[in-house]
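Asks: Test case, fold it:
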Amino acid sequence: MEPKPLRTKTPLAYRGVIATLRPPLARLTRQEWSGGEHLPTSGGFIVAGNHISEIDPFMVAHYLVNHGWAPRFLAKSGLFDIPVLGRALHSLGQVPVYRGTRQASDSLRDAAAAVENGDCVVIMPEGTLTRDPRLWPMKAKSGVGRLALMTGAPVIPIAQWGVQNLLAPYARRPTGLFSRHVMHVKAGPATDLSDLAGREDSAAAAEATARIMKDLTGLLAEIRGEEPPAEAFVWDGKRDKKKRSGK
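Replies: Residues are numbered from 1 along each chain as shown. Take a look at the predicted model:
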């Protein structure tokens, strides 16, 4: 598709990164993109994406930038402590996530402020690469639901598949770099959270998150042409303890 002009004010550094990375991404991969009609044409919104490879953000950003949005990602705070990378992330307007600290709520406030300023904010609700053996989305953390209820902004699920063929989960090196792997990216309609409007309690956040992840998993099932698991995989955050939610 022909790239659309960016809809929001974007830092010069960010435009430089786009100009540098978009051409090689377009050449090194093949794009099977769909669902662009579901992206808002104005106003801030939230994107919820699945997480299967360390380079997922590049593929999702490529899709969004070509549709006119320079996204702001919620990223692990540790990345901002790396000297060169941290400065780059700050200059690009990305949002650090401080999990398990007193600053954790700051991440959502910063993200909400970005959404209310008219930006597209991307969150990977699982919080880390999926540990599901078949790479289906895991049970998510409630941050995406809380952010949705805080802002009242549309939440657009975006599923992507194929990036694992270029860089497998936790791999250090890409495979088949010049094989032009197909990157499937598909956006769906905004998740319906209308009946939860005005609520910000934990139960509402959990319900909002569950609906978002159901829509996201459904999109991925359409891309893969497979039936997803009846229950989402649960990871305890400490080791690869494989079990399904609800069991």
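Asks: Can you show me the strands along the protein?
Replies: Assigned by DSSP state E, the strands in the chain fall at 30-34, 45-49, 72-76, 95-97, 120-123, 155-161, 182-187, 233-234, 243-244.
Asks: Can you say which of the ones you listed is nearest to R224?
Replies: strand 155-161 (6.0 Å; C-beta to C-beta). Quick note: C-beta positions are derived from backbone N, CA and C, even for glycine.
Asks: which residues touch the residue nearest to G43 when sequence neighbours are not counted?
Replies: Leaving aside its sequence neighbours, G43 sits nearest to G118 (C-beta to C-beta, 6 or more residues apart in numbering; 6.0 Å). Counting by C-beta atoms under 8 Å, 6 or more residues apart in numbering, G118 makes contact with 8, 42-44.
Asks: Which of those residues ranks first by neighbour count?
Replies: G44 (21 neighbours; other C-beta atoms under 10 Å).
Asks: residues of the longest helix along the chain that come out buried?
Replies: The longest helix of the chain (DSSP state H) is helix 202-224. Residues of helix 202-224 classed as buried: 204-205, 207-213, 215-217, 219-220, 222-224 (neighbour count, 16 or more other C-beta atoms under 10 Å).
Asks: Restrict it to CA atoms and write it as CSV.
Replies: Only the C-alpha atoms of helix 202-224 are listed here, as CSV (Å, rounded to 0.1, in the frame of the first residue of the first chain):
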residue,chain,number,x,y,z
SER,A,202,-10.5,-4.0,39.2
ALA,A,203,-13.4,-6.2,38.1
ALA,A,204,-14.2,-3.8,35.2
ALA,A,205,-10.5,-3.7,34.1
ALA,A,206,-10.3,-7.5,34.2
GLU,A,207,-13.4,-7.8,32.1
ALA,A,208,-12.2,-5.2,29.6
THR,A,209,-8.9,-7.0,29.3
ALA,A,210,-10.6,-10.3,28.7
ARG,A,211,-12.7,-8.9,25.9
ILE,A,212,-9.8,-7.3,24.2
MET,A,213,-7.8,-10.5,24.4
LYS,A,214,-10.7,-12.5,23.0
ASP,A,215,-10.9,-10.2,20.0
LEU,A,216,-7.2,-10.3,19.5
THR,A,217,-7.0,-14.1,19.7
GLY,A,218,-9.9,-14.3,17.3
LEU,A,219,-8.0,-12.1,14.8
LEU,A,220,-5.0,-14.3,15.1
ALA,A,221,-7.1,-17.4,14.5
GLU,A,222,-8.4,-15.9,11.3
ILE,A,223,-4.8,-15.2,10.1
ARG,A,224,-3.6,-18.7,11.0
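Asks: Centre of the chain to it, how far?
Replies: For helix 202-224, the gap between its own C-alpha mean and the chain's C-alpha mean amounts to 13 Å (C-alpha atoms, centre = their mean, to the nearest Å).
Asks: Could you check the angle it makes with strand 30-34?
Replies: With axes from the mean of the first three to the mean of the last three C-alpha atoms, to 10 degrees applied, the angle from helix 202-224 to strand 30-34 works out at 130 degrees.
Asks: what is the rounded mean pLDDT of helix 202-224?
Replies: Helix 202-224 shows a mean pLDDT of 98.
Asks: Also stretch 155-173?
Replies: In this model, stretch 155-173 has an average pLDDT of 94.
Asks: Quick one: distance of it to the chain centre.
Replies: 11 Å.
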